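S.K.: got a predicted model here, sequence first, then my questions.
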Amino acid sequence: MINVNVNDILETINMIKEENLDIRTITMGISLYDCASDDVSVVCDRIYDKITRTAENLVSVGCDIEKELGIPIINKRVSVTPISLVGGKYSPEDYVRIAKTLDRAAHTLGINFIGGYGALVQKGFTVNAANLIESIPYALSETELVCSSVNVASTKAGINMDAVAKMGSVIKKTAYLTRDKESIGCAKLVVFANVPEDNPFMAGAFHGVGEAESVVSVGVSGPGVVNSAIRRAGQCDFSTLAEIIKKTAFKITRMGQLVAAEASKRLGVPFGIVDLSLAPTPAVGDSVAHILEAMGIERCGGHGTTAALALLNDAVKKGGVMASSHVGGLSGAFIPVSEDAGMIDAVECGALSLEKLEAMTAVCSVGLDMIAIPGDTPEEVICGIIADEISIGVANTKTTAVRLIPAYGKKAGDSVVFGGLLGYAPIMKLSDYSCADFIARGGRIPAPIHSLKN
Amino acid sequence: MKAVVTVVGHDNKGIIAKVSAKCAEVGANITEISQSVLKEYFAMIMVIDIDDITMQFTDFVDAMRKLGEENSLDIRTMHEDIFNSMHRI
């Protein structure tokens, strides 16, 4: 006799079958430090060999676990050491060759994405970091599965505004070079503040500098399960609401912990973390916006939305943290516009603006995520949006990120369709006023006073 | 080790016979059955012992799903670990 009753069994099956509960990703982190060489051909060979050897069984193990436990595992991914930190001296063209190598390794393995084509420049640029950032538009336009992230700020270091300025042009160029595919390259590029080094979610995943040789981490999902639980509870007070979310998050995270432990055992790779994020998909019933609406906000973006999201984010963490031995990554509610049916509807009906999204990012785990903006947006405006969002992260000692798509040839009111998990996005309107003189100052914004904790 | 088999679909003659015959064929021992018919819908939860099954568990999961498809039923086979981890601290 197993230790659960019929109702528990039915609850679990209902979560999977009707409420879109899934494991979003099993991500294997792989260190590439030992692939260093001055000869880029040698580096590419070493990187390809190491990734395809280390993650050889990732997809088959993921599929086996999925089948045995009956829980869908949507993506299998690999994250690697930030490529700018792999020793050697490389030009932007060399870096594009490395990006193509990563892409080839990802295709060989049959994984969904590979992350780590990035740099950490919160305080300044090394020559390699500058060259890598220069190469990003070409790398993203000439590969399919490679994801890129750049950390431009931290609470300890302040904001590298030269990096912010640079990323404005990198994003625009990436949009232009992938203009025949709705500027999709930008969907694989994130600008971070306080980037977590063990995040299994794309596009920001990389294998952090203090990580082991290789680790396996899991990102859970489950907005639909939380939404249903809240709707079932009906009209209850906030304490009860928080309890319901905590209990649901606990159950979701337990599943993530089980999958992570099992994957770790079968792959012979240490368990890293469970990222207990609520990650939406464009599928009906898998929306974070709909959770906020279930709490009593008529449309996501209405007044009260930020408070509802703060409650949700906090309760998810409290419920999830006890369910896993190691929690990490982003761990909170995601609010990507294009990947969430409720967010898309809220933007299209005018309930949700960019300004409200920015406020929401102050109380949840990510930032301005998967937001399509007009293709003719000036570089400095993109820099201004990045600087605003990054400041929220730096001042609040939390991660924030920006993933904007200045969709080439599109204007406010149009939409872009990416397909799959990336969904589709209405183009959002921006302020017409310039911040060019502010961005042109250059240099660094100093770290906030509360960074001095020692 | 145990697994949970759930069978849901329109009621028909011989559902239990077909499912239990498949279990017997591969050496899965049925330890518990809970079954009911609500209006025209058939629902059954079976707990089976899979220690002595003669095929890989993943193949057994596929075989049961296929049996379901052939008989217009939704048959899911899930390892007990998922229920224990979700509902027991």
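M.R.: Here it is on my side, so go on. Numbers count the residues shown, from 1 in each chain, chains lettered A, B, ... in the order given.
S.K.: can you name the residue of chain B nearest chain A?
M.R.: Relative to chain A, the nearest point of chain B is B:Met78 (3.4 Å; Cβ to the nearest Cβ). All C-beta spots, glycine's among them, are computed from the backbone N, C-alpha and C.
S.K.: if I pick that residue, what's in contact with it?
M.R.: A:Thr12, A:Ile13, A:Glu68, A:Leu69, A:Gly70, A:Ile71, B:Ala3, B:Val4, B:Thr6 (Cβ atoms under 8 Å, 6 or more residues apart in numbering or on different chains).
S.K.: low-confidence ranges in chain B?
M.R.: Applying pLDDT under 70 to chain B picks out no residues at all.
S.K.: is chain A within reach of the longest helix that it contains?
M.R.: Secondary structure of chain B per DSSP state H: the longest helix is helix B:57-70. Yes. Using Cβ under 8 Å from any Cβ of the partner chain, helix B:57-70 reaches chain A at B:Phe57, B:Thr58, B:Val61, B:Asp62.
S.K.: how about the strands in the chain?
M.R.: Using chain A here. All strands of chain A, identified by DSSP state E, fall at A:23-30, A:73-80, A:113-115, A:119-120, A:146-154, A:158-160, A:189-193, A:214-220, A:271-275, A:368-374, A:400-407, A:415-417, A:424-426, A:444-445.
S.K.: could you do chain B instead?
M.R.: B:2-10, B:29-38, B:41-49, B:73-79.
S.K.: now stretch A:6-13: buried residues?
M.R.: A:Asp8, A:Ile9, A:Glu11, A:Thr12, A:Ile13 (16 or more other Cβ atoms under 10 Å in any protein chain shown).
S.K.: distance between it and the chain's centre?
M.R.: Centroid separation for stretch A:6-13 versus its chain: 31 Å, with Cα atoms, centre = their mean, to the nearest Å.
S.K.: does that stretch reach chain B?
M.R.: Yes. Contact of stretch A:6-13 with chain B (Cβ under 8 Å from any Cβ) involves A:Val6, A:Asp8, A:Ile9, A:Leu10, A:Glu11, A:Thr12, A:Ile13.
S.K.: turn these into TSV, including distance to A:Ala153.
M.R.: Output for these, formatted as TSV (distance: Cβ to Cβ, whole Å):
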residue	distance to A:Ala153
A:Val6	52
A:Asp8	45
A:Ile9	47
A:Leu10	47
A:Glu11	43
A:Thr12	41
A:Ile13	44
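S.K.: how close does the residue of chain B closest to chain A sit to B:Tyr41?
M.R.: Relative to B:Tyr41, B:Met78 is positioned 20 Å away (Cβ to Cβ, to the nearest Å).
S.K.: who in chain B is up against chain A?
M.R.: Selection of chain B residues close to chain A by Cβ under 8 Å from any Cβ yields B:2, B:4, B:6, B:31-32, B:34, B:45, B:47, B:57-58, B:61-62, B:76-88.
S.K.: swap in 10 Å and give it another go.
M.R.: B:1-4, B:6, B:8, B:31-32, B:34, B:36, B:43, B:45, B:47, B:50, B:56-62, B:65, B:74, B:76-89 (Cβ under 10 Å from any Cβ of the partner chain).
S.K.: how about the nearest residue to B:Ile82, chain neighbours excluded?
M.R.: Nearest residue to B:Ile82, sequence neighbours excluded (Cβ to Cβ, 6 or more residues apart in numbering or on different chains): A:Leu69, at 4.4 Å.
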